[in-house]
Structure formats: structure tokens, C-alpha cells
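Peer 1: with the sequence up front, the predicted model follows.
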Amino acid sequence: MYTGYKLTKESRAKLREVYPPSNPTWLGHHITEKYGVPADYPPPKKPSNVFVIGLLEDEGIEGFLVSIDGSTIRPSGGKYHITWSIDEGKGRKPVETNKLVNTPRRITPIQIDVIPETFTKSTKDSLRESQNSFLNFLK
């Protein structure tokens, strides 16, 4: 389990319009703040501002470096980032974005909105659940 910030649907759409995912599996779900917390751990406070400030790329994986309230450094260490898309066929995993955070390609900052949350499911399970609830809504 982990705490962090879930991207709003509007923010995901805004980023996708500017940066269409280049790999088959589109994630773009959250920004991790602290990993390895219990399920009842409180979510972080709502930040005043969140900006996507850098593009992270390697073969089969892409992400974004993020600034939250003016800092890229997470309280738990590491840097704030979003895993945007991966190519699972090439064996890429979301956690690998952590290896790219020190070599971002600077981009024009994009302000996004997020929702503080304590996550109890994997990114893929959360996205699958969101998609299924939307599909069920359409039925």
C-alpha cells in the first residue's frame, strides 16, 4: 500500500492530449508519495499546485517528472513522477520509471489537479476497476 495523489480524469485527458502514450499499456494513474504504508495510513494533504515538468523516456517506458508545491523530492525519498505508459511485451514494469527521474527532458510545465489518497490496490487493478465501472455504467 502507498499514499500519493490520484490524477483527476480531466488531468489525465489534458496530459494525454499533449502527450499521447507511446507504449501499449497506458497508466497515468497516480503520483506516489510514500510506499509501504498500512491500509489505514492517512492520505497526504491536498497540494496547492502540481506541475508536470519533465518527460522521462527509455525504450518501452515513459513517464513524467512532477513538482508538487515547488519540490520534486518526495518525503519518503526519490522524486515525484507519473508512470505514463509501458510496453509489457518488452518486460517493462511501472517501478522502472524510478530509474529515469534523474534524466528528464525538460518540457513546458503543465499544471494538473490531483486527489490525495491512500492506495490499497495496484495501479492496474485500480484502472481495471475504473474501466469496468464505466463500462457497467454504459450498459
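Peer 2: Arrived safely. Residues are numbered from 1 along each chain as shown.
Peer 1: when you work out contacts or count neighbours from here on, use the C-alpha atoms and nothing else.
Peer 2: Fine.
Peer 1: need the contact list for residue 115.
Peer 2: By CA atoms under 8 Å, 6 or more residues apart in numbering, the residues touching residue 115 are 5, 6, 7, 8, 46.
Peer 1: looking at it, the second one is touching residue 116, isn't it?
Peer 2: To tie it back to what came earlier, the one meant is residue 6. Yes. Using CA atoms under 8 Å, residue 6 makes contact with residue 116 at a distance of 6.3 Å.
Peer 1: now do the strands in the protein.
Peer 2: Secondary structure of the chain (DSSP state E): strands located at 2-7, 25-26, 30-35, 50-58, 61-68, 81-86, 105-112, 114-119.
Peer 1: now the last one: buried residues?
Peer 2: Spelled out, that is strand 114-119. For strand 114-119, a neighbour-count test (16 or more other CA atoms under 10 Å) marks 114, 115, 116, 117, 118, 119 as buried.
Peer 1: looking at that strand now, give me its mean pLDDT.
Peer 2: For strand 114-119, mean pLDDT rounds to 96.
Peer 1: and the angle for it with strand 2-7?
Peer 2: Orientation check (axes from the mean of the first three to the mean of the last three CA atoms, to 10 degrees): strand 114-119 against strand 2-7 gives 150 degrees.
Peer 1: how far does strand 114-119 sit from the chain's center?
Peer 2: 11 Å (CA atoms, centre = their mean, to the nearest Å).
Peer 1: and that strand, which strands flank it?
Peer 2: Partner strands and pairing direction for strand 114-119 (DSSP bridges) are strand 2-7 (antiparallel).
Peer 1: now the partner strand: average pLDDT?
Peer 2: Strand 2-7 shows a mean pLDDT of 96.
Peer 1: could you point out where this protein is predicted with low confidence?
Peer 2: 121-139 (pLDDT under 70).
Peer 1: now do 50
Peer 2: 133-139 (pLDDT under 50).
Peer 1: hmm, back to that, identify whichever of the strands of the chain lies nearest to residue 17.
Peer 2: Between residue 17 and those, the shortest separation by CA to CA is 11.7 Å, and it involves strand 105-112.
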